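>>> A structural model of the following input is requested.
(chains A, B and C)
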Amino acid sequence: MSLVGRDLISLLDFDRRELETIFRTADKMQRLTRKCGSQLKNYVMATIFFEPSTRTRLSFETSMHRLGGSVIGFAEPGVSSVAKGETLADTIRMVESYSDVIVMRHKIEGSAKFAAEIAGVPVLNGGDGSQHHPSQTLTDLYTIRKEFGGIDGRKILLMGDLQHTRSASSLAYGLGHYKGVTLYLVSPQTLRMRPEVTDYLDKKGVKCVEDEDPSNFIDEAEVVYVTRLQKERFPDPKQAEALKGSYILTRGLLKRAPRNTIVLHHLPRIEEIPVEVDYTPNARYFQQAANGVPVRMAFLYLSVYHSKYRPVKTREPTPSGGATRCSNANCISNQPREPIVPTLSEVTSRGERVLQCQYCGRYTKE
Amino acid sequence: MSLVGRDLISLLDFDRRELETIFRTADKMQRLTRKCGSQLKNYVMATIFFEPSTRTRLSFETSMHRLGGSVIGFAEPGVSSVAKGETLADTIRMVESYSDVIVMRHKIEGSAKFAAEIAGVPVLNGGDGSQHHPSQTLTDLYTIRKEFGGIDGRKILLMGDLQHTRSASSLAYGLGHYKGVTLYLVSPQTLRMRPEVTDYLDKKGVKCVEDEDPSNFIDEAEVVYVTRLQKERFPDPKQAEALKGSYILTRGLLKRAPRNTIVLHHLPRIEEIPVEVDYTPNARYFQQAANGVPVRMAFLYLSVYHSKYRPVKTREPTPSGGATRCSNANCISNQPREPIVPTLSEVTSRGERVLQCQYCGRYTKE
Amino acid sequence: MSLVGRDLISLLDFDRRELETIFRTADKMQRLTRKCGSQLKNYVMATIFFEPSTRTRLSFETSMHRLGGSVIGFAEPGVSSVAKGETLADTIRMVESYSDVIVMRHKIEGSAKFAAEIAGVPVLNGGDGSQHHPSQTLTDLYTIRKEFGGIDGRKILLMGDLQHTRSASSLAYGLGHYKGVTLYLVSPQTLRMRPEVTDYLDKKGVKCVEDEDPSNFIDEAEVVYVTRLQKERFPDPKQAEALKGSYILTRGLLKRAPRNTIVLHHLPRIEEIPVEVDYTPNARYFQQAANGVPVRMAFLYLSVYHSKYRPVKTREPTPSGGATRCSNANCISNQPREPIVPTLSEVTSRGERVLQCQYCGRYTKE
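Alright, predicted model coming up:
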């Protein structure tokens, strides 16, 4: 099985066997990490980050360098032509002619999928809006697999802002590929996991329990995955302030977990994991961050090495007329200047007929 | 003929034979683009960008990496010592001791020429003010040469803001090296090509026609080169708003052009080329952007490979006293803290005696 | 003697023999500067700059590239997770897992020392607050050694804002390792060298003379080291304005110095060295800046080549209770969210008993 030329847009695009190939390659990369590689010598990776990032950008860059490759790009849109009003489509068409692989982060949902449709080189999604963060999830799954020897049957408590945290929904999509997983989704009532994600989990046979109190499940959880209440995702800052502090994994709470429970976090963490937890034997979030390098090296190697530029012939978008559109204003299909054909598919959610956007994945009622 | 150690400041500094050497080398580089090169291994290119850029900076960086070299630099002055008030001369003296070639973009006109006088390594102008953008023009000429087999005799319609667009005046300077070229200069009355450029075209025997309406020449043009009305270049934002939309190359207008006409643009484009034109067989602007890599690889290879550091002994500038100065406030010769001797030469423009600045190229009346 | 794995935090941590090893290696590196090296191939250097820099960052990056290595990082905190409120400790734990060496600049004093305690890879201090700037000082000492054949016995006039300029205190610490040095410390009364520095110089047998007027010593000085009055370091901008211009090394003043006196400056210089001095045979500041590359190459080579990651097991900080704390609000030990144990040591300063912070080095009275 070959992953040459593959994009990395969401965990929905991979199957269990492909994930295992990535993880086995990561095992090999980990052994090489501080030794020499030159598989990607003279290959160029473009990192185009429209939102700030440290971990994702730097770990992709290190991964490329460890394999002998080079990096171009920008870390914020202000220094690029985007400041002059260029569309994402035009930016991609330019960057693809300068590089062999593109890593992109963007606040618009579905933008990575759209970029991959246009680019003649692999596009790796470094996070788009509140939806996907696949290189983070590969790292998370790799860490769980390493700690427990496998992912099937794990009991995982996912807590925090599950509505807006892309690492959370992305992990949920990834766990759907494994058997017998139990997922405790713990969040404030107003910040629950989005229905398209829980519907997917139902369909995949993941046992989901939604609740507001982490202490109800802490004694069962083998993995506690903590996420931030990201203030910048709230429409109302007062709401952000009110919930601050509600979902903190204190050492007291952690003491009630099984002895070999591990604590994960996508980082950066602010106060949701107090520093005192760093000194417990359960903390694995720094190890998890470190695992990001072999995992990203693995994907870059599998996808980019020996890949060829494949020119893309896009067709002219036709106006959708009076058809129903995606109701998510932050979806790429609702950016008027981008040459995109919105696509909605009919699905059934809890007995009701809804339309699902093929770019952002969100439901739209007719 | 050798170009080792040559600066790239303006198209005025090259002759036709030198341009042909660059283009032939670019042909070779294009064949190598995604293969390995290590000619510039351990060479360091500094990209110092005092104005935002994506295309120019990233394509230079990719070109350097494809040749095995490395890159340092900054993408905006805010993160550098320039924020502390350092002169350009001091910045150049520092950067030249850290690198083998300097690529610079600056809003001050003539700054690249001044930098080249100080630096002991080649200086490549990534755009200075409204005057020169030679790596863009090499790319433009290379694209025309590739599409038509040559540049002599071409009929080229250049439209938009010809007064402030550096890609436009730079292209005009480049076309002056070829025979039998016809140039339709189409712009609003207030944004016509500057007189030092049209005087040069006259002297070089380029047939120039100035007009305000692109539809008068569209049926003759083999190349339609569209430029933006760059709002940031207007003194009055109302004027920018009023002219917005006047110089748009619609598909309707393009239909009246000859069948094999090509459309070029320096990019980023905003609304001056609607997306509908992307799907016509005439669009070449994305191909043109892609050509930027082999062209820049060619120049870097020819200029930097085997070049040696040549220390520059600058002489102390003497105060010019009551002599006439360049009247362009945005000229490097009018920056009081830079150690520069303004130089004006007497030239004749339309029968009148004028002084021309040797840094920014603009006319000053005595 | 091996420097493998060594941090570069302050000149206090090195002895004379170690400095000589660095300088001899720099001599070798200078001969190699524009030739190929691949000793650090596939090694990754992280440059994390929380304050703007050109010289330090770019010269470290060039040094790494000349040795065949790669670079990741950020040039301003705005594009990183620091903008989201991440602690320095967490940032370091992440970056150390992506790199083989970390170069850091930070406005908080003692931050580099703290980072080195946490990181499993060498940490090189690119400047922290007003205290240390060791890679600059190695460059300064190397320049003096090259010009005079040695540092012992030199007479050095250090002028400007000696209280806030880290290059000044850092140089003083470096000079303490040499014999028979005379140091003229010339500054406004309110901007004198800090007492912990002059106490150190006393203890080391450096002859110090403090004064307000550079012309009292100019005829004795073999080295005139000029520093800026850094406006951003003043609590009161009016004071900055009033002193502006008081400590300018004019050509007239320089004429009174011995014939072979050299003028140094850490750069960027603003008006404290007028451009006219550039054309005197005494100016060495541009040469000094250029020396930064072989010196940094030397340290990187000695410290990083063949270094191994050494995992650090930090212990949980315990609250200090009512104990005396460092009185410097800008000290890393006073950042409440960082997991740090403040440490004060008792020392005697001019007969008085004082407490000295082991992070920022400042005195605190009980």
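>>> Chain A against chain C: which residues are in contact?
For chain A, the contact set with chain C under CB under 8 Å from any CB of the partner chain comprises A:34-38, A:49, A:52-55, A:58-59, A:61-62, A:65-66, A:68, A:71, A:75-76, A:267-270, A:275-276, A:278-279, A:286, A:289-290, A:292-293. In short, each C-beta sits where N, CA and C put it, glycine included.
>>> Give me the distance between the strand or helix carrying A:K238 and the centre of its chain.
Under DSSP states H and E, the secondary-structure element containing A:K238 is helix A:237-243. Distance of helix A:237-243 from its chain centroid, counting by CA atoms, centre = their mean, to the nearest Å, is 25 Å.
>>> and if you look at stretch A:313-327?
Here stretch A:313-327 is found 27 Å from its chain centre; the criterion is CA atoms, centre = their mean.
>>> Show me what that stretch is in contact with.
A:117-118, A:333-334, A:339-342, A:344, A:355, A:357, A:359-360, A:362, A:364-366, B:276, B:278-279 (CB atoms under 8 Å, 6 or more residues apart in numbering or on different chains).
>>> Likewise for stretch A:359-366?
With CB under 8 Å, 6+ apart as the test, stretch A:359-366 has contacts from A:109-110, A:113-114, A:129, A:131, A:194-196, A:324-328, A:330-333, A:340, A:342-344, A:347, A:349, A:353-357.
>>> Next, give phi and psi for the closest residue to A:E147 other than its chain neighbours.
Nearest in space to A:E147, with sequence neighbours left out and distances taken as CB to CB, 6 or more residues apart in numbering or on different chains, is A:I262 at 5.5 Å. Here is the backbone geometry of A:I262 (degrees, to the nearest 10): phi -110, psi 150.
>>> give me the beta-bridge partners of A:I262?
A:V223 (DSSP bridges).
>>> OK, contacts around it?
A:143-144, A:147, A:222-224, A:282-284.
>>> What of A:A283?
A:A283 touches A:262-263, A:273, A:277, counting by CB under 8 Å, 6+ apart.
>>> Quick check, pLDDT for it.
With respect to pLDDT, A:A283 has a value of 97.
>>> can you check A:S81 too?
We have a pLDDT of 59 for A:S81.
>>> hang on, the earlier thing: can you pull out the residues in contact with the helix or strand that the helix holding A:K238 is followed by?
The C-terminal neighbour of helix A:237-243 among helices and strands, as given by DSSP H and E, is helix A:251-255. Residues from elsewhere that reach helix A:251-255 (CB under 8 Å, 6+ apart): A:214-215, A:218, A:224, A:261, A:263, A:274, A:276-277, A:280, A:282.
>>> would you list every one of the helices in the stretch 251-366 of chain A?
For the stretch 251-366 of chain A, the helices defined by DSSP state H, counting those that start in this stretch cover A:251-255, A:285-304.
>>> Identify each buried residue in the longest one, please.
If I follow you right, that is helix A:285-304. A:285-286, A:288-304 (16 or more other CB atoms under 10 Å in any protein chain shown).
>>> for stretch A:253-269, same thing?
For stretch A:253-269, the neighbour count (16+ other CB under 10 Å) marks A:254, A:257, A:261-269 as buried.
>>> which residues of chain A score low on pLDDT?
For chain A, applying pLDDT under 70 flags the ranges A:33-36, A:77-84, A:230-235, A:244-246, A:320-322, A:366.
>>> Strands of the stretch 151-300 of chain A, start to end?
Assigned by DSSP state E, counting those that start in this stretch, the stretch 151-300 of chain A shows strands spanning A:155-159, A:182-186, A:207-211, A:223-226, A:262-265.
>>> now the angle from the second one to strand A:207-211?
Comparing the axes of strand A:182-186 and strand A:207-211 via axes from the mean of the first three to the mean of the last three CA atoms, to 10 degrees yields an angle of 20 degrees.
>>> how many other residues sit next to A:G69?
Neighbours of A:G69 under the rule other CB atoms under 10 Å in any protein chain shown: 26.
>>> Pull the contacting residues for it.
So, once contact is read as CB under 8 Å, 6+ apart, A:G69 ends up touching A:40-45, A:100, A:300, A:304.
>>> Secondary structure added to those, as TSV?
Listed next are the contacts of A:G69 as TSV, based on DSSP: H, G, I helix; E, B strand; the rest coil:
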residue	secondary structure
A:L40	coil
A:K41	coil
A:N42	coil
A:Y43	coil
A:V44	strand
A:M45	strand
A:D100	coil
A:L300	helix
A:V304	helix
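>>> which one of these has the most neighbours?
A:L300 (29 neighbours).
>>> so what's the residue nearest to that residue when sequence neighbours are not counted up against?
Nearest residue to A:L300, sequence neighbours excluded (CB to CB, 6+ apart): A:S63, at 5.6 Å. Taking CB under 8 Å, 6+ apart, we find A:S63 in contact with A:293, A:296-297, A:300.
>>> ok, now how distant is the residue nearest the centre of chain A from A:T198?
Closest residue to the average C-alpha location of chain A: A:H133 at 1.1 Å, with CA atoms, centre = their mean. According to CB to CB, to the nearest Å, A:H133 and A:T198 sit 18 Å apart.
>>> again, but for A:L58
A:L58 sits at a distance of 33 Å from A:T198 (criterion: CB to CB).
>>> So those two - more neighbours on which side?
A side-by-side neighbour count of A:L58 and A:T198, using other CB under 10 Å, places A:L58 first with 27 against 21.
>>> Can you point out the helix or strand that includes the more buried one?
Taking DSSP H and E as the criterion, A:L58 maps to helix A:55-66.
>>> just A:R17 next, same as before
Going by DSSP H and E, A:R17 is in helix A:16-32.
>>> so where does the closest residue to A:T56 other than its chain neighbours fall, helix or strand?
Computed as CB to CB, 6+ apart, the closest residue to A:T56 that is not its neighbour in sequence is A:G126, at 4.8 Å. Taking DSSP H and E as the definition, A:G126 sits inside strand A:123-128.
>>> ok, residues contacting that strand?
Taking CB under 8 Å, 6+ apart as the rule, strand A:123-128 contacts A:7-10, A:47, A:49, A:51, A:53, A:56-57, A:60, A:92, A:101-113, A:115-116, A:132-136, A:166, A:299-300, A:303.
>>> Write a ChimeraX command that selects only the buried members of these.
Typed into ChimeraX, the next command selects the buried ones out of these (criterion: 16+ other CB under 10 Å):
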select /A:7,8,9,10,47,49,51,53,56,57,60,92,101,102,103,104,105,106,108,109,110,111,112,113,115,116,132,133,134,135,136,166,299,300,303
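>>> Just the ones of the contacts of strand A:123-128 in strands?
Mapping the contacts of strand A:123-128 onto strands (DSSP state E) picks out A:47, A:49, A:101-106.
>>> Can you tell me which of those residues is nearest chain C?
A:F49 (7.6 Å; CB to the nearest CB).
>>> Could you measure from the residue lying closest to the closest one once chain neighbours are set aside over to chain B?
Leaving aside its chain neighbours, A:F49 sits nearest to A:R105 (4.7 Å; criterion: CB to CB, 6+ apart). Using CB to the nearest CB, to the nearest Å, A:R105 is found at 16 Å from chain B.
>>> circling back: export the strands of the stretch 151-300 of chain A to CSV and append columns for distance to B:T250.
Listed next are the strands of the stretch 151-300 of chain A as CSV, based on distance: least, CB to CB, whole Å:
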stretch, distance to B:T250
strand A:155-159, 52
strand A:182-186, 52
strand A:207-211, 53
strand A:223-226, 53
strand A:262-265, 53
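>>> I'd like to know which of the ones you listed lies nearest to B:P122.
Among these, strand A:262-265 comes nearest to B:P122, with 48.4 Å by CB to CB.
>>> Counting neighbours, what do you get for the nearest residue to A:S70 once chain neighbours are set aside?
Leaving aside its sequence neighbours, A:S70 sits nearest to B:H65 (CB to CB, 6+ apart; 3.7 Å). When neighbours are defined as other CB under 10 Å, B:H65 has 25 of them.
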